[in-house]
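Student: Could you look at this predicted model? Sequence included:
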Amino acid sequence: MGVTYEGRQVVVAQLQVGEKVYLVRDLHNPFDQNAIKVVRRDGQQFGFLNKDLAAVLSTRLDQYGRSLKASVSSLMGGYYADSNLGVVIKFKLPGN
């Protein structure tokens, strides 16, 4: 998941394992027509799904017609100065 740009590391540093988050289609993304952003309940974006995964899931999410609930399953990185934090999320696709 892309979490290193546009100040997203600040938001990632505030996340908690088990926190509920949402997958939201970014229909107006100029770089990726399949973009799916990951946001906190308050709308703070902290990442995008990997481009390849978004290409597979975007149609399903479009058919679902709303944000998909997910949760933070683990946080990693940040072990030394200037290192990036990472996030692993889990979710269940609608209809599965």
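Tutor: Ah, there it is.

Student: Which neighbouring elements make contact with the helix ranked longest in the chain?
Tutor: Using DSSP state H to define each element, the chain has its longest helix at helix 51-64. Packing partners of helix 51-64 (3 or more Cβ pairs under 8 Å, 6 or more residues apart in numbering; DSSP states H and E): strand 20-25, strand 36-40. C-beta: built from backbone N, CA, C; applies to glycine.

Student: Let me have those in JSON lines, extended by mean neighbour count and mean pLDDT.
Tutor: Converted to JSON lines, these look like this (neighbours: other Cβ atoms under 10 Å; pLDDT from 0 to 100):
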{"stretch": "strand 20-25", "mean neighbour count": "18", "mean pLDDT": "97"}
{"stretch": "strand 36-40", "mean neighbour count": "20", "mean pLDDT": "95"}
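
Student: Just give me the longest strand of the chain.
Tutor: In the chain, taking DSSP state E as the definition, the longest strand is strand 68-77.
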